[in-house]
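Peer 1: with the input below, show me the fold.
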Amino acid sequence: MKRIVVVAAVLAFSAAAVVAQQDQVKRTQGMMKDNGKNAGALSAMVKGEKPYDQSTVNAALAQFEDTAKNLPTLFPDSMKGLKLEGDYDPSPKIWEDKAGFESQIKSFAKVVADAKGKIKNLDTLKAELPVIGKQCSGCHETYRIKKG
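Peer 2: The predicted model follows:
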């Protein structure tokens, strides 16, 4: 009887861990997709496809700021080696080069904080968006793997 209880407890714990890991993956992917949507909205303004809108800029920067704050927790050790749905997987370098990854996060946070204080019109958005984009792509080039 004790064995059945122990086995059931282990199975329940294992199932809970898998669900928690799937939730973490969805949270991470959702945040990255939100970054892409916000970057696209800002880019559309820069290209003249949409009118400049300060509330859209503020919302995008707030979301980028939230990402910077949460990035250190978005890639726990339990995600290492996982193959995810979608076009990209996290690179093992996230865990192999923790100091480099954390440095990228700090740089991203600083760039976003600086931009938040500077972007007040289309001209300042045009000046700051490439700086943010460069920081994003620098991290993606090192810490993200494009699938086939």
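
Peer 1: and for the closest residue to Ala109 other than its chain neighbours, the neighbour number?
Peer 2: In space, and not counting its chain neighbours, Ala109 is closest to Ala68: 3.7 Å by C-beta to C-beta, 6 or more residues apart in numbering. (Each C-beta comes from the backbone N, C-alpha and C, glycine too.) Neighbour count of Ala68, defined by other C-beta atoms under 10 Å: 19.

Peer 1: from here on, call the first residue 120.
Peer 2: In the new numbering, first residue 120, that becomes Ala187.

Peer 1: so where do the strands sit in the protein?
Peer 2: Here the chain has its strands, by DSSP state E, at 207-209, 263-265.

Peer 1: could I get those strands as TSV with mean neighbour count?
Peer 2: Written out in TSV, the entries for these read as follows (neighbours: other C-beta atoms under 10 Å):
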stretch	mean neighbour count
strand 207-209	17
strand 263-265	13
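
Peer 1: how close does Lys202 get to Ile264?
Peer 2: Per C-beta to C-beta, to the nearest Å, Lys202 is found 10 Å from Ile264.

Peer 1: shared neighbours, these two?
Peer 2: Asp208 (C-beta atoms under 8 Å, 6 or more residues apart in numbering).

Peer 1: so who does the residue most central in space within the chain touch?
Peer 2: Computing the C-alpha centroid of the chain and ranking residues by C-alpha atoms, centre = their mean puts Met151 first, at 4.0 Å. For Met151, the contacting residues are Thr186, by C-beta under 8 Å, 6+ apart.

Peer 1: re earlier: residues touching the residue nearest to Ala228, list them.
Peer 2: When contacts are counted by C-beta under 8 Å, 6+ apart, Ala187 touches 224, 227-228, 231.
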